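Enquirer: build me a model from this:
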Amino acid sequence: MSKQDQSESIIKLMTALSAFQANCPNVPKTKTNPHLKNKYAGLEDIMGTIRNPLREAGLVVSQLPGDGTLTTLLAHFESGEFVKSTISLAPVKDNNPQAVGSALTYARRYSLSAVLGLAIGEDDDDGHQAAKPAPVMKPILTPRHGMWKTCVEAIAKGRTVEDARKKFMVSDANAKLLVKEATALDLQQTA
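Expert: Prediction:
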């Protein structure tokens with residue numbers, strides 16, 4: 001950690017963290033992932049488990065969302081010693097509020113676990129998720145792409161922009177342009 005990520009001394013904080021870890025019970029995994037059916041500890045499980053042991057050890061934790069980041073601060077309230085860690089949140093499609101909230105909650109759970117040294121998380125999948133090949137990225141559809149005209153013609157014949165988005169990444173601006181060109185083509189063909 002750089003000096004900006006911790007106070008000059010962290011001796012009292014580390015002593016308190018050791019006491020916290022010795023007295024903190026295991027965090028229960030009461031949540032079930034609906035897709036994988038595995039159990040995990042929800043944010044409320046973690047907070048409910050750590051709140052009193054933190055206070056008894058003289059520690060306080062705070063999590064501050066920033067512009068695409070989450071900073072977790074652990075401080076010893078008598079000495080003022082602290083450590084902090086900032087992580088980037090995973091990109092969220094279209095800044096959907098529910099997706100942003102989900103990414104933030106996920107990051108809060110894992111940041112708390114890391115900063116406090118908690119042994120929790122999703123069931124061990126024996127590295128299967130890490131071994132999966134990277135997803136293949138869809139090509140970006142722009143007016144210069146060789147398939148632009150084909151997509152315009154397909155939309156003019158009744159297909160939708162969502163059909164195009166199944167095969168291509170289409171920005172909102174290009175989606176509007178697709179519809180505009182398809183409408184003009186349709187009018188031209190019916191005239």
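Enquirer: hmm, Lys180 and Ile155 touching each other?
Expert: No: using Cβ atoms under 8 Å, Ile155 is not in contact with Lys180, being 10.0 Å away. C-betas here are computed from N, CA, C, even on glycine.
Enquirer: which of those two has more residues huddled nearby?
Expert: Set Ile155 next to Lys180 and count neighbours by other Cβ atoms under 10 Å: Ile155 wins out with 22 against 12.
Enquirer: just give the nearest non-adjacent residue to the more buried one, would you?
Expert: Excluding the flanking residues, the one nearest Ile155 by Cβ to Cβ, 6 or more residues apart in numbering is Ala182, at 3.6 Å.
Enquirer: is that neighbour in a helix, a strand, or coil?
Expert: helix (DSSP: H, G, I helix; E, B strand; the rest coil).
Enquirer: please, where are all the strands along this protein?
Expert: For the chain, the strands defined by DSSP state E cover 31-32, 39-40, 59-65, 69-76, 82-88.
Enquirer: for Gln188, find the nearest of those.
Expert: The closest of those to Gln188 is strand 82-88. By Cβ to Cβ, the value is 47.4 Å.
Enquirer: now do the closest one: everything it contacts.
Expert: Strand 82-88 is touched from outside by 1, 5-7, 10, 13, 66, 68-76, 107, 111, 114-115, with contacts defined as Cβ atoms under 8 Å, 6 or more residues apart in numbering.
Enquirer: that one versus strand 59-65: what angle between them?
Expert: If you take axes from the mean of the first three to the mean of the last three Cα atoms, to 10 degrees, strand 82-88 sits at 30 degrees to strand 59-65.
Enquirer: pull the CA atoms of strand 82-88 into PDB?
Expert: Extracted in PDB, the C-alpha atoms of strand 82-88 (Å, rounded to 0.1, in the frame of the first residue of the first chain):
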ATOM      1  CA  PHE A  82      -6.400   3.600   8.900                       C
ATOM      2  CA  VAL A  83      -6.000   1.500   5.800                       C
ATOM      3  CA  LYS A  84      -8.100   1.900   2.700                       C
ATOM      4  CA  SER A  85      -8.500   0.100  -0.600                       C
ATOM      5  CA  THR A  86     -10.200   1.300  -3.800                       C
ATOM      6  CA  ILE A  87     -11.400  -1.000  -6.500                       C
ATOM      7  CA  SER A  88     -13.000  -0.300  -9.800                       C
END
